[in-house]
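Enquirer: can you look at this prediction? I've put the sequence above it.
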Amino acid sequence: MKKSGWCVNLIISIFLSLSIISIGLGEEEFLKRGKSDGISFISGGIGIHERRTLNDIGKNYSLKIVFSNKKGEFLSDIMVRVLDQDDKVILTTVSNGPWLFIDLPSGNYQIEAGLKEDYKKISPVKIEKGTQKVIHFQW
């Protein structure tokens, strides 16, 4: 009896360990991380749990962009370009979720976002050190 109880406990321990590892990996599977010309970005946020996780991770980024339709439903697969004050493209990416965090240095930027063939632009977007600017694109 003691031997079978030990085996059951071992199997349960292994199962729980693997479950915890897969949960930890799963939390960041949805994230798209990148860096271009020294500018870090992260996107994702499909589902409440993912948005909570992403919000915690993204709180230190200087820009948060939210994508939705006119009904308020979140959108993903949005093409995004960031241009500096000289109209030079400094970042191009596709957001794989409704939230995109970008860590831009202080300055003025132009943000362009496209859903299929429909492009929108917000300009100027003023980024200030120590704060997070939040902008919304809606189709």
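Expert: Noted; the coordinates are in hand.
Enquirer: grab the most central residue of the chain for me.
Expert: When CA atoms, centre = their mean is applied to the chain, the residue found nearest the centroid is Ser43 (2.0 Å).
Enquirer: for Asn108, give its distance to Lys32.
Expert: 26 Å (CB to CB, to the nearest Å). Bear in mind the C-beta positions are built from the backbone N, C-alpha and C, glycine included.
Enquirer: look at the two and report which has more neighbours.
Expert: Using other CB atoms under 10 Å as the criterion, Asn108 and Lys32 rank with Lys32 on top: 15 against 12.
Enquirer: give the bridge partners for that one, please.
Expert: As for beta bridges, Lys32 partners with Ser43 under DSSP bridges.
Enquirer: I figured it hits Gly44, correct?
Expert: Yes. Lys32 lies in contact with Gly44 (CB atoms under 8 Å); the separation is 6.1 Å.
Enquirer: overlap of the contact sets of the two?
Expert: Residues within reach of Lys32 and of Gly44 at once, by CB atoms under 8 Å, 6 or more residues apart in numbering, are Asn96, Gly97.
Enquirer: in which helix or strand would I find Phe101?
Expert: strand 99-102 (DSSP states H and E).
Enquirer: average pLDDT across that strand?
Expert: Regarding strand 99-102, the rounded mean pLDDT is 98.
Enquirer: same for that strand, what does it pack against?
Expert: strand 39-44, helix 48-58, strand 63-68, strand 78-83 (3 or more CB pairs under 8 Å, 6 or more residues apart in numbering; DSSP states H and E).
Enquirer: that strand pairs with which strands, parallel or anti?
Expert: Note on strand 99-102: by DSSP bridges, its sheet partners are strand 39-44 (antiparallel), strand 63-68 (antiparallel).
Enquirer: many thanks, have a good one.
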